[in-house]
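Undergrad: What follows is a predicted protein model with its sequence.
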Amino acid sequence: MNKETKELIRTREQIQTELSNLQEEKKNLEDKQNDLKVQLSELTSKVEKAHMFENDMMSKIEKRRDELVKIDKELEEKRAGLWRNIEGETERIDALKMELEELEEKKKESLGTIAEVDEMQAVLNRLKVEKEKLDKEIVDRTKELEKIKIFISRLKDKNEVPSNEQKKDQISF
């Protein structure tokens, strides 16, 4: 073979080797591209989930913020109401002080009334004793009534069901 042919064969082998290397590199790059596509898909999914989570959290934060603003407003209203109540109570205390002074004056006048109260207390005690007697009598009568009910119930259980004519002749309670 001549020199040119050998040169061409060598060039051809180099090109084939280079082609083989390029094909290997192409395959490696395609594999890498596929891996990157999978990673991109995973990252895209994660980013979407992160956006959804962020939106959800922002919604919850906004809702909680609204709740806190509402609670703050309620507290402010209650605080204002409390101050109004305190002012009202202060006025009431002053009025009660004046009333107390009047009552102390009337206390002096009421010493005569105390004797009447003592007399009424004695009457009340007598009425309590009478009430206790009446309560006891009511309990006794209730027990008697229960006994009569039991007795009637037993009589009914012992008697057969009477006919219509027999029912007319019997006394009903």
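TA: Arrived safely. Values in this document were obtained by computation on a predicted structure and should not be read as measured data.
Undergrad: Which helix or strand contains the residue nearest to the spatial centre of the chain?
TA: Centroid-nearest residue in the chain: Glu67, 16.3 Å away (criterion: Cα atoms, centre = their mean). Under the criterion of DSSP states H and E, Glu67 resides in helix 3-109.
Undergrad: Toward the C-terminus, what is the element adjacent to that helix?
TA: Using DSSP H and E, the first helix or strand after helix 3-109 is helix 111-158.
Undergrad: Tell me how confident the model is about that next one, as a mean pLDDT.
TA: Helix 111-158 carries an average pLDDT of 89.
Undergrad: and Gly112, how many neighbours does it have?
TA: 8 (other Cβ atoms under 10 Å). (Glycine included, C-beta is placed from N, CA and C.)
Undergrad: For Glu119, see how far away it is.
TA: 12 Å (Cβ to Cβ, to the nearest Å).
Undergrad: And for Lys37?
TA: On the measure of Cβ to Cβ, Lys37 and Glu119 end up 107 Å apart.
Undergrad: same check, this time on Gly88
TA: Gly88 is 41 Å from Glu119, by Cβ to Cβ.
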